[in-house]
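Engineer: my questions concern the predicted model and sequence given below.
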Amino acid sequence: MLQVSNLEKHYQSVTAVNGLTFDVNPGEIFALLGPNGAGKSSLVKMLVGFTQADNGSITLTDGDETHDYIPSHLLGYLPEDRGLYPEKSVKQNLAFFATLHGVSKTDFEGRCLHWLEKFNLTDRIDEPLKALSKGNQQKVQLISAILHQPKWVLLDEPFSGLDPINQELVVTFLAELKQQGMTVILSAHQMAMVEKLADRVLLLNQGSAVIYGELEEILLAKQAAVIHVRYADQVDITSLDELKNNYVVETVKSNQLLITLQNNQTLNGLMPLLASLGQVVELKNQAQSLHTIYLNAVAAHNSERSSSEGSSVEISQ
C-alpha cells in the first residue's frame, strides 16, 4: 500500500502541495485529477523520488520492506516529458528500456510482440520512431514503461496526443495492467476516460484535496441536477451576467448549454434567464458526469479561497 500523510511542498512563496493525506490500494486504478497548476506534477515528483517533501510523509509498503517513495525497481513511469530516441527503431527503443530494467531477451521478445499487437504497431516494429505519428510514438512510450512488469505504474497524461480510437486502446491497455495485478496511478485531463477506468480519485486544486474517494460513491453523492438546454439559434452567455455569475454553465455547442443547479437553486428561478437568451427548443435533465463534478468542485473551491482571502485582508486592515 502507498500511504501519503500531511504532505507539503513549497517553492518560495508558492505552496504547491498543501497537507495532502490519501492512500492508494494495491491492484487499483487511482486517478489523480486537477487543473493546470493544481499541484499534480509536484506530487508526482515526490512520489517517484525526484524531489523531497518539505513536510509530511510518503510510505510505500512492499512485503517486509518500506520506502519513502516508489523505487525504480517497482515502478513503471510515463513522465510528462517523453524520452524516446527518434533515430532508433521502435524495437530498439523498447529493447533499450527493457534492458535497463533487467528484462531477459526471451521475455522481451514475447512482451514486445504482445503489446505492439495490442496497439496495432506490429508492422512498424523496425521503423525509426521519428517515422511514426505523435500518437503512435505515445503508444511506444507507454509500452516502454511496463515491459518489466512493474508492481506500480505511474502515468502522467497517457492520453496525450491520441485520437478517440487510440484513447480507447489505452483504456483497454490500462484495464489489462490492472488485470495483471499492477497498481496504476493515472494523472489525466480526459474525464470521460477516467470515468471508465478509475476505482478511486483524488481531485486537487491549488495544492489541496477537493474530492477524494471511491469514484462510484462520488458519482452517486454529487447528484446535483444537470440541465441540458438546446436553443433554436446560437446563444452567448457573456451577455447575461446573472446567469454566468450565479450558475455553473458549460457551453456544449454554440446553441447548447449544460447548467448545474446547486441545492438552493430551482428550475423555476432558472427558466426566465434561459428564455431571455433565445428560443428554447429542448430542455432535459441528465446524469451528472465526472467532468461536471470536476468543474463544480474546482469552481466552489476557488470561490471559497477567494472569500477566505478577502476576509483575511479585511481583518488585517
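Structural biologist: Great, that's in hand. From a predicted model like this one, the values you see are computed outputs, not experimental measurements.

Engineer: quick one, what contacts Glu87?
Structural biologist: By C-beta atoms under 8 Å, 6 or more residues apart in numbering, Glu87 lies in contact with Pro128, Leu129, Lys130. Placement of C-beta: from N, CA and C, glycine included.

Engineer: and which of these is nearest Thr183?
Structural biologist: Set against Thr183, the nearest of those by C-beta to C-beta is Leu129 (28.5 Å).

Engineer: wait, doesn't the closest one sit right on Lys91?
Structural biologist: No - the pair Leu129 and Lys91 fails to qualify as a contact (C-beta atoms under 8 Å) at a distance of 10.0 Å.

Engineer: between these two, what contacts are shared?
Structural biologist: With the criterion set as C-beta under 8 Å, 6+ apart, the contacts of Leu129 and Lys91 do not overlap.

Engineer: show me the contacts for the most centrally placed residue in the chain.
Structural biologist: Centroid check for the chain by C-alpha atoms, centre = their mean gives Ala188 as the closest residue, at 2.4 Å. Ala188 makes contacts with Ala31, Leu33, Leu155, Glu157, Pro158, Phe159, Val194, as judged by C-beta under 8 Å, 6+ apart.

Engineer: can you give me the pLDDT of it?
Structural biologist: If you check Ala188, the pLDDT there is 86.

Engineer: measure it to Val226 for me?
Structural biologist: Distance, Ala188 to Val226, by C-beta to C-beta, to the nearest Å: 22 Å.

Engineer: could you do Phe30 as well?
Structural biologist: 26 Å.

Engineer: for whichever strand or helix holds Leu43, packing partners?
Structural biologist: In this assignment (DSSP states H and E), Leu43 forms part of helix 40-47. Contacts defined by 3 or more C-beta pairs under 8 Å, 6 or more residues apart in numbering; DSSP states H and E place helix 40-47 against strand 2-11, strand 14-24, strand 29-33, strand 152-156, strand 183-187.

Engineer: the same query, at a cut-off of 7 Å, please.
Structural biologist: Packing contacts for helix 40-47, counted by 3 or more C-beta pairs under 7 Å, 6 or more residues apart in numbering; DSSP states H and E, involve strand 2-11, strand 14-24, strand 152-156.

Engineer: in its sheet, what does the last one sit against?
Structural biologist: This points to strand 152-156. When pairing is defined by DSSP bridges, strand 152-156 lines up against strand 75-78 (parallel), strand 183-187 (parallel).

Engineer: next SSE downstream of the longest one?
Structural biologist: The C-terminal neighbour of strand 183-187 among helices and strands, as given by DSSP H and E, is helix 191-197.

Engineer: send me that following helix as CSV with only the CA atoms.
Structural biologist: What follows is helix 191-197 as a C-alpha-only set of coordinates in CSV (Å, rounded to 0.1, in the frame of the first residue of the first chain):
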residue,chain,number,x,y,z
MET,A,191,-12.6,12.9,-17.6
ALA,A,192,-14.6,10.5,-19.8
MET,A,193,-11.6,8.1,-20.0
VAL,A,194,-11.0,8.4,-16.2
GLU,A,195,-14.7,7.7,-15.5
LYS,A,196,-14.4,4.4,-17.5
LEU,A,197,-11.3,3.2,-15.6
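
Engineer: buried residues, that helix. List them.
Structural biologist: Residues of helix 191-197 classed as buried: Met191, Met193, Val194, Glu195, Leu197 (neighbour count, 16 or more other C-beta atoms under 10 Å).

Engineer: ignoring the adjacent residues along the chain, who's closest to the third one?
Structural biologist: The one in question is Val194. Ala31 (4.7 Å; C-beta to C-beta, 6 or more residues apart in numbering).
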